[in-house]
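[1] kindly return the folded structure for what I paste below:
(one chain, ligands or ions: 2)
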Amino acid sequence: MKTTDSPRTYRVKSFGCQMNVYDGERMAELLEAKGITPAPEGEAADLVVLNTCHIREKATEKVYSDIGRLVKSGAEAGKEPMIAVAGCVAQAEGEEIMKRAPAVGMVVGPQAYHRLGDMLDRAVKGERSTDTDMPEDAKFAALPKRRKVSPTAFLTVQEGCDKFCTYCVVPYTRGAEISRPYSELVDEAAKLVDAGAREITLLGQNVNAWSGEDAKGHTLGLDGLIRELAKLPDLKRIRYTTSHPNDVTEGLIAAHGEVEKLMPYLHLPVQSGSDRVLKAMNRSHTAESYLKLLERFRAARPDIALSGDFIVGFPGETEAEFEETLNIVDAVGYAQAFSFKYSPRPGTPAAGMENHVAKEVMDERLQRLQAHLGRDQYAFNKASVGKTCDILIERRGRRPGQWLGKSPWLQSVFFDSELQIGDTVRAELVHAGPSSLQGRLLEQVAA
Ligand code: SAM
Ligand code: SF4
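    Ligands and ions are numbered 1, 2, ... in the order given. Sure thing, here's the model as predicted:
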């Protein structure tokens, strides 16, 4: 690689989950602390960070085609950008990316991106580097302070996973479960609120596995952290995702009935409704134990909106087992959900299992599942019509004069009134669509 001028502009392209979005924001802050500014919309950036996701197939190929596109458009413009590959594909592929893509100057894993600044200094001198270390804890302490944020902010509180579901790469790409220290999180949350955040979503691969110690040395679970953050006067809403059924505590369920700022929404993936499939997935819960958990959340907060993740076509899944998934969907009545076709990930136990389900069968099952989920989401939205609630305005809509906010139940709500990003408005939900609602402004709520 040749020596090059220091980049003046950057673009971070994040794929995949919200934790990647959070990492992308932190990398952007790190680059801005070095005096590099975001590339204006529509203009090529001097430095492009591809913040990748490895959860499903084709992710790796997509990264190489993105790199190819960047090289081609750079060559046409007479200046190739510096390219960094970050995220879970970087972790999984490491040196392989360096071999296959000479245009890439930096490959950095999700636990090492606090070192991106040093890697960049080396890249300017013509030195390519790969860093896929997993040093415990060092990353967050080494990152710059939070800058101005939108009214909704993410805060990663927990990383990694020890559950080893047989289909999943996360324990390999993100490492073992760690919880960020309590005082660091309270401090970062306060800074986010000072910078304008009114809603914070606490993030973790298993966010409810978070544990920490307060200043008095008392051990706390996620509910303890939520109760502390709720004391920040200007913070109006708290959410958390993604939870694992095995890490649900009595305290977390109770918090839903007691902490007003904790929004009535729970994302609790089940993956399948068949106990045989759940066992083969190493999920360590059954369909029945999952349903019992949901009943307890509903008892604490009767209006709670439920969401989940589903995988269809896990190796060996029969038609009868798939129908058990449809049954659990029908029993719960989800307000929202994410559903995926099983994707074999190299190195995971499920990839080596027998009886992989044919693609056409998976396609057909996914369609049927999504029809049930879509029906329930629409029903949930229709049942919300007539309700009055607070909406936090997040952005402009696509039409001129249109604004978009979120209800407490995480539904998208559109308004045609003149509003501002960050406003909280009291509104009546007047019309429901399959994936959003129309709101009627009643009054502005004091910020
Ligand atoms: N830790 C969370 C949990 O267990 O519920 C979810 C984390 S994972 C990043 C998000 C979702 O991706 C999972 O809930 C699962 O539905 C899906 N997923 C993970 N591996 C997959 C695979 N190999 N094929 C298809 N979907 C997958
Ligand atoms: Fe993956 Fe299972 Fe861990 Fe979720 S709990 S991140 S699905 S291994």
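[2] residues contacting the one helix or strand K99 maps to, please?
    Element membership for K99, per DSSP states H and E: helix 95-100. Helix 95-100 is contacted from outside by V63, Y64, V85, V89, A90, V104, V107, R128, T130, using Cβ atoms under 8 Å, 6 or more residues apart in numbering. In this view, the C-beta of every residue, glycine as well, is placed from N, C-alpha and C.
[3] surely P434 is in contact with Q377?
    Yes: P434 is in contact with Q377 according to Cβ atoms under 8 Å; the separation is 6.5 Å.
[4] do you have the helices of the protein handy? List them.
    For the chain, the helices defined by DSSP state H cover 18-33, 59-77, 87-93, 95-100, 116-124, 138-142, 170-173, 182-194, 222-229, 250-258, 275-280, 287-300, 319-332, 359-384.
[5] by mean pLDDT, show me the worst of those helices.
    Note on those: lowest mean pLDDT is at helix 138-142, with a mean of 83.
[6] OK, contacts around the closest residue to ligand 1 within the stretch 151-300 of the chain?
    Ligand 1 sits closest to P269 of the stretch 151-300 of the chain, with a gap of 3.3 Å, by Cβ to the nearest ligand atom. Taking Cβ under 8 Å, 6+ apart, we find P269 in contact with T242, S243, H244, P245, G308, D309, F310, F338.
[7] kindly reformat those residues as CSV containing distance to V71, neighbour count and pLDDT.
    Below are those laid out as CSV (distance: Cβ to Cβ, whole Å; neighbours: other Cβ atoms under 10 Å; pLDDT from 0 to 100):
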residue, distance to V71, neighbour count, pLDDT
T242, 35, 20, 94
S243, 41, 20, 97
H244, 40, 20, 97
P245, 45, 19, 97
G308, 40, 23, 97
D309, 35, 14, 98
F310, 38, 24, 98
F338, 33, 14, 96
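[8] dump these to a markdown table, plus distance to P349.
    Shown next, in a markdown table, are the contacts of P269 (distance: Cβ to Cβ, whole Å):
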| residue | distance to P349 |
| --- | --- |
| T242 | 21 |
| S243 | 23 |
| H244 | 18 |
| P245 | 20 |
| G308 | 23 |
| D309 | 19 |
| F310 | 20 |
| F338 | 22 |
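[9] closest to ligand 2 out of these?
    Closest to ligand 2, out of all of the contacts of P269 and judged by Cβ to the nearest ligand atom, is H244, at 5.2 Å.
[10] which ones are touching the residue nearest to the closest one when sequence neighbours are not counted?
    Once flanking residues are discounted, H244 sits nearest to N206: 4.4 Å by Cβ to Cβ, 6 or more residues apart in numbering. With contact taken as Cβ under 8 Å, 6+ apart, N206 is in contact with Q158, C161, K163, E177, T242, S243, H244, D247.
[11] is it correct that the fourth one is in contact with Q158?
    In this case it means E177. Yes: here E177 reaches Q158: they are 6.7 Å apart, a contact under Cβ under 8 Å.
[12] the more surrounded of these two?
    Legend: neighbour count by other Cβ atoms under 10 Å for E177 and Q158, higher for Q158 (26 against 19).
[13] which residue is the nearest non-sequential neighbour of that one?
    Closest residue to Q158 apart from its sequence neighbours, by Cβ to Cβ, 6+ apart: G204 at 3.0 Å.
[14] cool, V21 as well?
    S14 (5.2 Å).
[15] can you count the residues close to the one you found?
    22.
[16] show the pLDDT at it.
    92.
[17] so what's it up against?
    Taking Cβ under 8 Å, 6+ apart, one finds N20, V21, D23, G24, N51, G87 in contact with S14.
[18] go on, L31?
    Contacts of L31 by Cβ under 8 Å, 6+ apart are Y10, V12, L47, V49, L116, G117, L120.
[19] partner residues bridging Q444?
    The residues listed as beta-bridge partners of Q444 by DSSP bridges are V425.
[20] these two touch, right, it and A427?
    No: Q444 is not in contact with A427 according to Cβ under 8 Å; the separation is 10.3 Å.
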